[in-house]
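[1] My questions are about this predicted structure, shown below with the sequence.
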Amino acid sequence: MEPIKVENVTVAYHTKPVLQDINFSVPAGKLIGIIGPNGAGKSTLIKAILGLIPRASGEVAVYGKPYKEQRKLIGYVPQRGSVDWDFPTNALDVVLMGRYGHIGWLRRPSKADKELALACLKKVGMEQYATRQISQLSGGQQQRVFLARALAQDASVYFMDEPFVGVDAATEKAIIALLNELKTQGKTVLVVHHDLQTVEEYFDWVMLLNMKTIAIGPTEEVFTTENLQKTYGGRLAFLHTAPPGGQ
């Protein structure tokens, strides 16, 4: 059964459509890039799937059931710019927030929860910053903490909105290694991504989006110059100097 199935999803702001009649499903155990120009609706699509913004129409199923019944199976890493980093909390507490879907908001995290959270921080190279206030961390370190929080959720499907933006090369390398590890565990990971040069290296599958689904499928089949021109139009020449797939 597909981890994610989206049917006829439309999103509008003040009656103006931002996403129109989006239909797709994705297989399990794939690393999927969501690619498109600025304003194409990439972040909006993730938020609509997760119920963070209202849909004008359409349905979302997670392993064949409505999203609301399957929230525990979903992990989400938002854009770093959308987070209030001045909130007075440390890195370990941020990661422990990923456990609340399992333990409930009214129960205190157990010793096992804290040990798991520390293990997740260690996996992203941040265990020595467990007691550091998140406002005191660099952009790359903050992103690693949010990845650790997603890991602590122990989800089956992960949505990540521009996780590589504003991070150093070492953090980007660490993130992609982590995403590949999740994939080998059978997890499904959908990533909003803007760097066309790394798409073929990073992703098994690609969704090309510009208000509508232009194409979706295995990277070697979908990530072609023809599909990119349909997605980006005349802006493609500025974005992509080496045509994919030898075309």
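    Structure's in. What do you need? Residues are numbered from 1 along each chain as shown.

[2] drop to CA atoms for contacts and neighbour counts, all remaining ones
    Fine.

[3] and the next element down the chain from whichever strand or helix holds residue 148?
    When secondary structure is defined by DSSP states H and E, residue 148 falls within helix 139-153. Once the chain leaves helix 139-153, the next helix or strand it forms, by DSSP H and E, is strand 157-161.

[4] Can you name every helix or strand that that following strand contacts?
    When contacts are defined as 3 or more Cα pairs under 8 Å, 6 or more residues apart in numbering; DSSP states H and E, strand 157-161 packs onto helix 42-49, strand 74-77, strand 188-192.

[5] Pick out the residue closest to the middle of the protein.
    Residue closest to the average C-alpha location in the chain (Cα atoms, centre = their mean): residue 160, at 1.4 Å.

[6] Can you name the residues bridging to that one?
    For residue 160, the beta-bridge assignment (DSSP bridges) gives partners residue 77, residue 191.

[7] Just to check, it is in contact with residue 50?
    No - with the criterion set as Cα atoms under 8 Å, residue 160 and residue 50 do not qualify as a contacting pair; they are 11.7 Å apart.

[8] Test my guess that residue 96 contacts residue 112.
    No - applying Cα under 8 Å as the test, residue 96 and residue 112 come out as separate, 10.9 Å apart.

[9] Show me which of these two is the more surrounded one.
    When residue 96 and residue 112 are compared on other Cα atoms under 10 Å, the one with more neighbours turns out to be residue 96, at 23 against 9.

[10] Test for you: state the pLDDT assigned to that one.
    We note a pLDDT of 88 for residue 96 in this prediction.

[11] ditto for residue 149
    Among the per-residue scores, residue 149 holds a pLDDT of 89.

[12] For it, grab the count of nearby residues.
    Other residues within reach of residue 149, judged by other Cα under 10 Å, total 26.

[13] Report the separation between it and residue 162.
    When distances are taken as Cα to Cα, to the nearest Å, residue 149 and residue 162 turn out to be 16 Å apart.

[14] Check residue 98 too.
    Taking Cα to Cα as the measure, residue 98 and residue 162 are separated by 19 Å.

[15] Look at the two and report which has more neighbours.
    The residue with more neighbours, out of residue 98 and residue 162, is residue 98; 25 against 20, by other Cα under 10 Å.
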